[in-house]
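Colleague: A predicted structure for the sequence below; I have some questions about it.
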Amino acid sequence: MGRSRTDTGVPTDGLLGALQLSDSALPIGRFAHSYGLESLLAGRPATDEAELAEVVETAVRESAGPLDGVAVAHAHQAGSVAELCELDGWLTARKLSPGARAASVSCGQSLAALVPRLTDRAPATAYAGAVVAGESDGNLAVVHGTLAAALDIGATEAILIELRGVASGMLSAAVRLGALSALRAQALQRGLSPALEEAAGEALRLPREEARSTALELELASLRHRRRETRLFIS
């Protein structure tokens, strides 16, 4: 018997996998991080909604998309644990701030621990085992990319899930910091759709040697975050 499909022809397994990986209830700790937004707002308390939307869009277009999105794309097509571990080290080396590395690795390691509960397909399971054993860093984009492939989620969709997770995490942080209402956060999330789609398209096309992360204002805010005496978010 063939796999079930929706009335649009999309495989049901892939759709259900995409819904699971994009679910805010996925217990990987993503919402413990503000991606530098907490410190940025502390230094710019008068930031309005339009400026906040611009910050999140910049994070997607200039940081998450052309770096983590590229890693998702390459992890999605990787055929061996060796390839995934090499990609993992490559991504760690390009995470400029300690906060960015901590968020990527802590969430990725949590997702890696879930992999054998979600699939039995290689190379996702073997790579997740290497991460849990401490043999690879376990950056979220790499774990996510190989797991998405194992769950029959397409590469473009996998990248979109990753980028939407960054945007959603930042907007959620803004709500918890009192800079935005929950209703307005949903409206801004919807308004970011064109940016998410364009960033995902670029990530899918971009060679690894052209990957970049140039959201310098957020990187500097992330560095300041580590020196704050009181903080709501880990990073």
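Modeller: On my side now, so go ahead.
Colleague: in what helix or strand does the residue most central in space within the chain lie?
Modeller: For the chain, E162 is the residue whose C-alpha lies nearest the centre (C-alpha atoms, centre = their mean; 3.8 Å). Counting by DSSP states H and E, the element that carries E162 is helix 155-176.
Colleague: repeat for I28
Modeller: Applying DSSP H and E as the criterion places I28 outside every helix and strand.
Colleague: just checking, it touches C107?
Modeller: Yes. At 4.7 Å, I28 counts as touching C107 under the criterion of C-beta atoms under 8 Å. For every residue, glycine as well, the C-beta is placed using N, CA and C.
Colleague: which residues do those two both contact?
Modeller: Common neighbours of I28 and C107, using C-beta atoms under 8 Å, 6 or more residues apart in numbering, are L140.
Colleague: Quick check on the spatially closest residue to the residue nearest to the centre of the chain that is not a sequence neighbour: phi, psi?
Modeller: Nearest residue to E162, sequence neighbours excluded (C-beta to C-beta, 6 or more residues apart in numbering): V72, at 5.0 Å. Taking degrees, to the nearest 10, you get phi -60, psi -50 for the backbone angles of V72.
Colleague: pLDDT value on the residue nearest to the centre of the chain, please?
Modeller: Looking at E162, its pLDDT stands at 96.
Colleague: that older thread, pull out the buried residues from the helix holding E162.
Modeller: Using 16 or more other C-beta atoms under 10 Å as the test for burial, helix 155-176 gives 155-174.
Colleague: now swap in stretch 40-57 and tell me
Modeller: Residues of stretch 40-57 classed as buried by neighbour count (16+ other C-beta under 10 Å): 40-41, 47, 52-53, 55-57.
Colleague: For the closest residue to Y35 other than its chain neighbours, which residues are in contact?
Modeller: Spatial nearest neighbour of Y35, excluding adjacent residues (C-beta to C-beta, 6+ apart): M170 at 5.4 Å. Residues in contact with M170 (C-beta under 8 Å, 6+ apart) are 34-35, 37, 55-56, 59.
Colleague: Give me the subset of these lying in helices.
Modeller: 37, 55-56, 59 (DSSP state H).
Colleague: CSV for those residues, including distance to R117 and pLDDT?
Modeller: Output for these, formatted as CSV (distance: C-beta to C-beta, whole Å; pLDDT from 0 to 100):
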residue, distance to R117, pLDDT
L37, 31, 87
V55, 35, 92
V56, 31, 95
A59, 30, 94
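Colleague: Please enumerate the helices of this protein.
Modeller: Listed in chain order, the helices of the chain (DSSP H) span 12-21, 37-43, 49-59, 70-77, 81-93, 98-118, 124-132, 140-150, 155-176, 182-191, 193-205, 216-225.
Colleague: No further questions, thank you.
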